[in-house]
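[1] I would like to see how this sequence folds:
(2 chains)
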Amino acid sequence: MALFQISEPGESPEPHTRRLAVGIDLGTTNSLVATIRNAVPECLPDSDGRAMLPSAVQYAEDGEIVVGGAALKHRGDDALNTITSVKRFMGRSVADLRDESAARYQFTTPSGDGKGQLKITTRQGAISPIEVSSEILKALKRRAEETLGGELYGAVITVPAYFDDAQRQATKDAAQLAGLNVLRLLNEPTAAAVAYGLDQKAEGTFLIYDLGGGTFDVSILRLTRGVFEVLATAGDTHLGGDDFDAVLAKYAFDTWALTRALSPAGQANLSAAARAAKETLSTETSATIKVNWGCGFDSSVDVSREKFVELSQPLVDKTLSAVKRTLRDAKLKANEIDGVVLVGGATRMPHVRAALESIFGKAPLATMNPDEVVALGAAIQADQLAGNKTGDGDSHLLLDVIPLSLGMETMGGLVEKIVPRNSTIPVAKAQEFTTFKDGQTAMALHVLQGERELASDCRSLARFELRGIPPMVAGAARIRVTFQVDADGLLSVAALETTSGVRAEVTVKPSYGLGDGEIASMLQSAYASASTDMQARALAEARVDATALVQAVTQALAEDRALLNDNEAAALTSQIAFLKQLAEGSDHRAIVRATEDLNRASTDFAGRRMDKAVKKALAGKTLDQIV
Amino acid sequence: MNAFETMGLAPTFFVDEGELQKRYRALQSETHPDRFVNANDADKRAALERATQINEAYQTLRDPVRRAMYLLWQKNVNGMDEKNTSMPHDFLVEQIDWREAIADAKLKEDSDRLEEMSTELQSVMDSLGDTFAAAYDGGHLPVATTLARKMRFTQKLIEEVDLAMEALG
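    Take a look at the predicted model:
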């Protein structure tokens, strides 16, 4: 059946032209870009052969923006303008900051109340973490395009599985700002599972333990014949290798009995020394933390591995309790896990491995480079999503979940959960609410994410109002609130008063991500010098989209005309003709509008065709072939 | 489309789990948004809606208690109605006994006993399911409703035993 051909109208006319698609691991400490070359996923190195790009951005004195290793060098001497671990600030407000990270930079909030996406004050102005991340993504995009010799079609960007909606939205905005076509946001442990699963042809139930530089995730997946089904996920977006460094740094600080807080430069030197000691302790039984403070003054202290294990045990225990929670959520026992896969550089620490071995009774798997496996998995997924896989046989399917429950605030500041955590996405749930007072005509809706009972303990994602409710006695109105989470894990919320039909809709975005207008203006300023190019580009893009849609709907009509009545078919045919005509002109706005109109007009038709496909899939024969 | 129609299954309590899973995967292979990344908006929207519906149907049917409640709901019976919670007296006494036994085993850190209880409760659950199916198929909805509620209570006990076992390690 030609179902896939007609459903992917963007497919290039020459079937063998590969689209350049990459996977990007946007990490707390390091970032990587990978792609499929000669049927093998590989990370793309820079001109010096290094695959890892330090996630550091310096806003330099001369107005330059420096990214990577060159920026990291200034962590000590230009600490306030050199942003590292920016991932920790994505989708976060000043009010969310924990003390230690709040000390590193000067922060501002657009609204001034400590809520909403924070910004970092640098000599080049107040910069949002979204912009900082987009600089890292731009550097990787440039690297990929130079290496591969062409413009990228799209990218899969990985995020910690435990990222909430605000953090995901911020990541997607950063990618958009970097000029990347985001094919999908993919959870890091799921990406690792794809790389492992396809490489080792594994089947069974696997636990992915992903301890990165700044985030921790654990996911349990069932792998069955190319289907990767996430059963449960848990984690901590503020726990990673950095925290193990901090434990050692504090130990040194206390041992030296330093009496006053360190300068940002001193802090950066101490952190670097602590990290070096941690890395040594993965292979040696003792290490020295040594800091040169300048002016010929230095300090050092020896740490044994036992001491390090003792100091960092609370951190390891935190990860283990998340591991146990995923087992409980997946309704599995430790002995039902076929393999434990290690991801993230911090899993090199021997005591982390030992702790997992003692729970699962077998040594964890670490046959792939724990620093690269996420990017490799993302590259595999990007290649498939871009439509580069031709044979049906080798296509795999990912079924992922949302990490945290989504709900609404109700009377008394309590949370009514609407979508429970670990629901497979895409998912939609609806819940009815009612008015509290007689004659109430408006309702404030507060969307929250988290597991706690009280709204004040959960993350506030958005507030919006439903107005124009006809006056009724208390409790008579029926307000149906629908949550839809898409395959990127992003939420949109709609509210409808069902007795009157008053509607309010919101994509949960404004409070943490960038508004569409904000992104547009940032992109515009970036392209300001080349505005005529922009015009030409916009027209070319509008034409490509229009032509692709015309082709797709025409073909759909040819195949499934029977699903429409005469009026419906005639209406579509005339809209197709109209769009075709417009596409020959040069008014890109009119083309975009007519494309949207045709898209809307063919929605119902698309639904009917999908139902037909669904019926076909259920017919016994296809089923045996696919599964 | 109701959940059974979505999965192409007959509306009965007995659902072959392997078959359900197979169908779920086959359907998601066709409709998952990952298959429509390069498609036009209309097809993307249709895929999102269908994939959502298939997920919902699968989650409803794979869990025996949700499946039972859903079957009742198809006959306009709300088995979860909180206003109507009267349960047979002896069943409630039984519930209290179970809870005490769980608390006792927890206190004595008797994981063997918890393991036994888990197995016992699972067989209680299975036989409740059998009886539910018979009552439902026979059109005895009030009886079926009481049985579905008993299943719900039993499921909660199983969860509690699991939690207790986990707490003991």
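[2] wait, B:V77 sits on B:T145?
    Yes - between B:V77 and B:T145 there is a contact under Cβ atoms under 8 Å: 5.6 Å. Where you see a C-beta, it was placed from the backbone N, CA and C, and this is true even at glycine.
[3] how about low-confidence regions in the stretch 1-150 of chain A?
    Across the stretch 1-150 of chain A, the ranges flagged by pLDDT under 70 are A:1-16, A:98-103, A:110-115.
[4] wait, isn't A:D457 in contact with A:G450?
    Yes - contact criterion Cβ under 8 Å: A:D457 and A:G450 qualify, at 6.7 Å.
[5] neighbour-wise, which of those two wins?
    Counted by other Cβ atoms under 10 Å in any protein chain shown, A:D457 and A:G450 do not tie: A:G450 has more neighbours, with 20 against 12.
[6] and the gap between that one and chain B?
    The gap separating A:G450 from chain B is 21 Å, by Cβ to the nearest Cβ, to the nearest Å.
[7] neighbours of residue 76, how many?
    In the absence of a named chain, this looks at chain A. Around A:G76 there are 18 residues (other Cβ under 10 Å).
[8] sorry, should have said chain B
    Neighbourhood size, B:N76 [other Cβ under 10 Å]: 7.
[9] for it, helix, strand, or coil?
    With DSSP: H, G, I helix; E, B strand; the rest coil as the basis, the three-state label of B:N76 is coil.
[10] which phi and psi does it have?
    Backbone torsions for B:N76, taken as degrees, to the nearest 10, come to phi 60, psi 30.
[11] B:P142 versus that one, what's the distance?
    Using Cβ to Cβ, to the nearest Å, we find B:N76 at a distance of 13 Å from B:P142.
[12] kindly report the same for A:E203.
    46 Å.
[13] ok, now B:L9?
    25 Å.
[14] now do A:Y251
    The value you get for A:Y251 to B:P142, if Cβ to Cβ is used, is 68 Å.
[15] neighbour-wise, which of the two wins?
    Each of A:Y251 and B:P142 has its neighbours counted (other Cβ under 10 Å); A:Y251 has more, 20 against 9.
[16] contacts only, for the more buried one.
    Going by Cβ atoms under 8 Å, 6 or more residues apart in numbering or on different chains, A:Y251 touches A:I289, A:V301, A:V303, A:K307, A:L311.
[17] give me phi/psi at it?
    The phi/psi pair for A:Y251 (degrees, to the nearest 10) is phi -60, psi -50.
[18] likewise for A:M52?
    Main-chain torsions, A:M52, degrees, to the nearest 10: phi -80, psi 130.
[19] what's the domain layout of the chain?
    I went with chain A, as the question did not name one. Annotated domains of chain A cover A:21-186, A:242-310, A:406-514, A:520-617 [automatic domain parsing].
[20] switch to chain B, that's the one I care about
    Following automatic domain parsing, chain B resolves into domains at B:3-62, B:89-168.
[21] next, the distance between the ends of the first one.
    The stretch domain B:3-62 measures 11 Å between its terminal residues, going by Cα to Cα, to the nearest Å.
[22] report whether it contacts chain A.
    Yes - applying Cβ under 8 Å from any Cβ of the partner chain, one finds domain B:3-62 touching chain A at B:6-8, B:22-23, B:25-43, B:45-52, B:54-56, B:58-59.
[23] for chain B, what are the nearby residues on the stretch 401-550 of chain A?
    A:S423, A:T424, A:I425, A:P426, A:V427, A:A428, A:Q484, A:D486, A:A487, A:A548, A:L549.
[24] so which residues of the stretch 201-350 of chain A form strands?
    All strands of the stretch 201-350 of chain A, identified by DSSP state E, counting those that start in this stretch, fall at A:204-211, A:216-224, A:227-236, A:286-294, A:297-304, A:339-343.
[25] closest one to chain B among those?
    strand A:227-236 (5.1 Å; Cβ to the nearest Cβ).
[26] what packs against the closest one?
    helix A:188-200, strand A:216-224, helix A:305-329, strand A:397-399, helix B:17-31 (3 or more Cβ pairs under 8 Å, 6 or more residues apart in numbering or on different chains; DSSP states H and E).
[27] go with 10 Å
    strand A:182-187, helix A:188-200, strand A:204-211, strand A:216-224, helix A:305-329, strand A:397-399, helix B:17-31 (3 or more Cβ pairs under 10 Å, 6 or more residues apart in numbering or on different chains; DSSP states H and E).
[28] got the angle for it vs strand A:216-224?
    Relative orientation of strand A:227-236 versus strand A:216-224 (axes from the mean of the first three to the mean of the last three Cα atoms, to 10 degrees): 160 degrees.
[29] what average pLDDT does strand A:227-236 get?
    Across strand A:227-236, pLDDT averages out at 94.
[30] would you mark the buried spots in that strand?
    Neighbour-count burial for strand A:227-236 flags A:V227, A:F228, A:E229, A:V230, A:L231, A:A232, A:T233, A:A234, A:G235, A:D236 (criterion: 16 or more other Cβ atoms under 10 Å in any protein chain shown).
[31] surely the last one is in contact with A:G212?
    In this case it means A:D236. No - using Cβ atoms under 10 Å, A:D236 is not in contact with A:G212; the gap is 11.0 Å.
[32] hmm, back to that, and B:V77 and B:T145? which has more neighbours close in?
    B:T145 (22 against 16).
[33] ok, A:N292 touching A:N269?
    Yes - with contact defined as Cβ under 10 Å, A:N292 counts as touching A:N269 (7.2 Å).
[34] tell me which of the residues of domain B:3-62 next to chain A fall in helices.
    Cross-referencing the residues of domain B:3-62 next to chain A against helices under DSSP state H gives B:6-7, B:22-23, B:25-31, B:41-43, B:45-52, B:54-56, B:58-59.
[35] where does chain B have low pLDDT?
    Residue ranges of chain B with pLDDT under 70: B:82-85, B:169.
[36] go again with 90.
    B:1, B:38-41, B:76-95, B:106-107, B:109, B:111, B:159, B:162-169 (pLDDT under 90).
[37] circling back to that earlier point, now the residues of the stretch 401-550 of chain A next to chain B as a markdown table including secondary structure, pLDDT and neighbour count?
    Putting these into a markdown table (DSSP: H, G, I helix; E, B strand; the rest coil; pLDDT from 0 to 100; neighbours: other Cβ atoms under 10 Å in any protein chain shown) gives the following:
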| residue | secondary structure | pLDDT | neighbour count |
| --- | --- | --- | --- |
| A:S423 | coil | 95 | 18 |
| A:T424 | strand | 95 | 22 |
| A:I425 | coil | 94 | 24 |
| A:P426 | coil | 95 | 27 |
| A:V427 | strand | 95 | 22 |
| A:A428 | strand | 94 | 21 |
| A:Q484 | strand | 91 | 20 |
| A:D486 | coil | 92 | 20 |
| A:A487 | coil | 93 | 23 |
| A:A548 | helix | 85 | 19 |
| A:L549 | helix | 88 | 26 |
